[in-house]
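[1] curious how this folds, go ahead:
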Amino acid sequence: MAISMPKILDCVVTDCSYNKNKECHAMAITVGSGGHPMCDTLFKSSQKGGFMELIGSVGACKEADCKFNQALECSAPGIHVGLHADHADCSTFVSR
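    Next up, the predicted model:
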C-alpha cells in the first residue's frame, strides 16, 4: 500500500511564516483540535520558514470528529487552510 500525505492546496493565512503567495511551504503541518480544526503549525514572524521548492502536506490530524481522520492521519485528497477568527483552520474539515 502506497502512503502519501495530503497536500495543502492553498492557504489564505498570508501572515504565517510558512506562507508565500498563498502556498504553504512547511514540510508538514499538524491539524489540531480545540473545538475546531486549527492549524497548529501557524507561526507569525517576520522570518520566512519552510522550503520554497515544496508545497506543504498534512502530517497529522488530531481532529477526531473529521470524516477524513483515519488513525490520526488525514485521508483527504488535499486540504484548504482558511482563516477562522484570528487563527488558521482546515477548511476541508467535514464532521463525521
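
[2] export the longest strand anywhere in the chain as CSV, just CAs?
    When the chain is parsed with DSSP state E, its longest strand is strand 78-84. Output of strand 78-84 as CSV, limited to C-alpha atoms (Å, rounded to 0.1, in the frame of the first residue of the first chain):
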residue,chain,number,x,y,z
GLY,A,78,-5.8,17.6,-0.3
ILE,A,79,-6.8,20.4,2.1
HIS,A,80,-7.5,24.1,2.1
VAL,A,81,-6.4,26.3,5.0
GLY,A,82,-8.6,29.3,5.8
LEU,A,83,-9.0,32.0,8.4
HIS,A,84,-11.2,31.5,11.4
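
[3] how far off centre is the next helix or strand after that strand?
    For strand 78-84, the succeeding helix or strand toward the C-terminus, using DSSP states H and E, is strand 87-90. Centroid separation for strand 87-90 versus its chain: 8 Å, with Cα atoms, centre = their mean, to the nearest Å.
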